[in-house]
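In: Give me coordinates for this.
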Amino acid sequence: MVYNDFLDCWMIFWDEGKSDYKIRRGDSFELHLGNGVHLLCRMELGSDWYILVGKNAKFYLKPNEI
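Out: As a prediction, the model looks like this:
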């Protein structure tokens, strides 16, 4: 995932960079961890960007990191 300042969203690239997908505040997605484990997540923005997993678990993102 890479933060795009111009579009104000997170970008996911796959297929060697030929395809991309934008994730914006409020978007839901599944995070695949392997071995058939999937987590339902939602992208949110408070004072910082974070991924909400379940009811209370938050994974904070840093826009200057990939």
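In: Only C-alpha atoms from now on, for both contacts and neighbour counts.
Out: Noted.
In: could you point out the longest strand in this protein?
Out: Criterion DSSP state E: the longest strand present in the chain is strand 37-45.
In: strand partners of it, parallel vs antiparallel please.
Out: strand 28-34 (antiparallel), strand 49-53 (antiparallel) (DSSP bridges).
In: who's in contact with the longest one?
Out: Think strand 28-34. 38-43 (CA atoms under 8 Å, 6 or more residues apart in numbering).
In: Buried subset of those as a ChimeraX selection?
Out: In ChimeraX, this line selects whichever of the contacts of strand 28-34 come out buried by 16 or more other CA atoms under 10 Å:
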select :41,42,43
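In: circling back to that earlier point, list the contacts of the longest strand of the chain.
Out: Strand 37-45 has contacts (CA under 8 Å, 6+ apart) with 23-33, 49-54.
In: can you list the weak-confidence ranges in the protein?
Out: Of all residues in the chain, none has pLDDT under 70.
In: wait, which of the strands paired with strand 37-45 is closest to Glu16?
Out: Among the strands paired with strand 37-45, strand 28-34 comes nearest to Glu16, with 18.8 Å by CA to CA.
In: one step back: and the longest strand of the chain, how far out from the chain's middle?
Out: Its chain's C-alpha centre lies 7 Å from the corresponding centre of strand 37-45 when counted by CA atoms, centre = their mean, to the nearest Å.
In: Identify the residues contacting the closest residue to Cys9 other than its chain neighbours.
Out: Once flanking residues are discounted, Cys9 sits nearest to Arg24: 5.0 Å by CA to CA, 6 or more residues apart in numbering. If you count contacts by CA under 8 Å, 6+ apart, Arg24 has them with 8-10, 43-44.
In: In a markdown table, list those along with distance to Lys58.
Out: Below are the contacts of Arg24 laid out as a markdown table (distance: CA to CA, whole Å):
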| residue | distance to Lys58 |
| --- | --- |
| Asp8 | 20 |
| Cys9 | 18 |
| Trp10 | 16 |
| Met43 | 10 |
| Glu44 | 9 |
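In: Please consider this matter closed, and thank you.
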